[in-house]
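Novice: here are the coordinates; sequence isn't available:
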């Protein structure tokens, strides 16, 4: 397992769940970490405290806030992280949201734009803002984007906009990987399946539906945020030095490509 000593990382959407687990995992492997939160800054500060406790090296953990669906806010967050950390080598574009389950008959252009903004704009704009900082380090770096099993199987009821957004993240990751590889920046993507202990399912999935979905997983259980975090950390490190444009499925065999 490669270490992330002397690396600087920003994790967006790190107030809980996969984002929180990823921030802790990166710090445990030696990275200095900044975290981003938007609507729940108290939870983001809790993540920062966990990072301080679990970090391989003693560190202060900057907490940044902003609506990443806009380029200006994304640049402010990324620039702030690079300034606070003294550079940037790793960007984890975890921020995203289903917003709500919304059937086709109730879809509006405003809602569709909101979902795309939260999931696609955020990844695009944060990456755009991060490239200069990562390239300035002269050793390359890594960007990991967050897709979903929903991109492949159409998701649950009322999630058409979210599925479209996560499908776009997969395609965006491939395009960015091609464009940024010559600059030494590897872009990859993870696609989690049914992951427990997240605000996503607490908000959008009834317990009985979650349990029913678990029955369709060959490994016989749902995943945990730290299991996704370890894959993200792998993609961010030197053990994945020849991986670019890949989407890693993390779903216990629920979906195989």
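Specialist: That came through fine. Remember, it's a predicted structure, so these values are computed and weren't measured experimentally.
Novice: and the closest residue in space to residue 59 that isn't next to it in sequence, how many neighbours does it have?
Specialist: Take residue 59 and drop its neighbours on the chain: the residue closest to it by Cβ to Cβ, 6 or more residues apart in numbering is residue 32, 5.2 Å away. Any C-beta I mention is one placed from the backbone N, CA and C, and that applies to glycine too. Taking other Cβ atoms under 10 Å as the neighbour definition, residue 32 ends up with a count of 28.
Novice: Next: residue 227.
Specialist: In terms of burial, residue 227 registers 15 neighbours under the definition other Cβ under 10 Å.
Novice: That one is in what secondary structure piece?
Specialist: Residue 227 is located in helix 225-236, with elements delineated by DSSP states H and E.
Novice: And for whichever helix or strand comes after that helix, what's in contact with it?
Specialist: The C-terminal neighbour of helix 225-236 among helices and strands, as given by DSSP H and E, is strand 247-250. For strand 247-250, the external contacting residues (Cβ atoms under 8 Å, 6 or more residues apart in numbering) are 147, 149, 170, 173, 188-193, 195, 223, 227-228, 231, 235, 255-257.
Novice: rerun at 10 Å
Specialist: Contacts to strand 247-250, defined as Cβ atoms under 10 Å, 6 or more residues apart in numbering, come from residues 18, 144-145, 147, 149, 151-152, 169-171, 173-174, 188-193, 195, 223, 227-228, 230-232, 234-235, 240, 255-257.
Novice: number of nearby residues for residue 120?
Specialist: Other residues close to residue 120 by other Cβ under 10 Å number 22.
Novice: pLDDT wise, what is the residue nearest the centre of the chain at?
Specialist: Centroid-nearest residue in the chain: residue 94, 1.9 Å away (criterion: Cα atoms, centre = their mean). With respect to pLDDT, residue 94 has a value of 98.
Novice: how about it, phi and psi?
Specialist: Torsion angles at residue 94 (phi, psi; degrees, to the nearest 10) stand at phi -90, psi -20.
Novice: buried sites along the helix of greatest length in the chain?
Specialist: With secondary structure taken from DSSP state H, the chain has its longest helix at helix 160-180. Buried residues in helix 160-180, defined by neighbour count with 16 or more other Cβ atoms under 10 Å: 160-170, 172-174, 176-177, 180.
Novice: before we move on, what about stretch 143-154?
Specialist: 143-152.
Novice: tell me the mean pLDDT for stretch 74-86?
Specialist: Stretch 74-86 carries an average pLDDT of 98.
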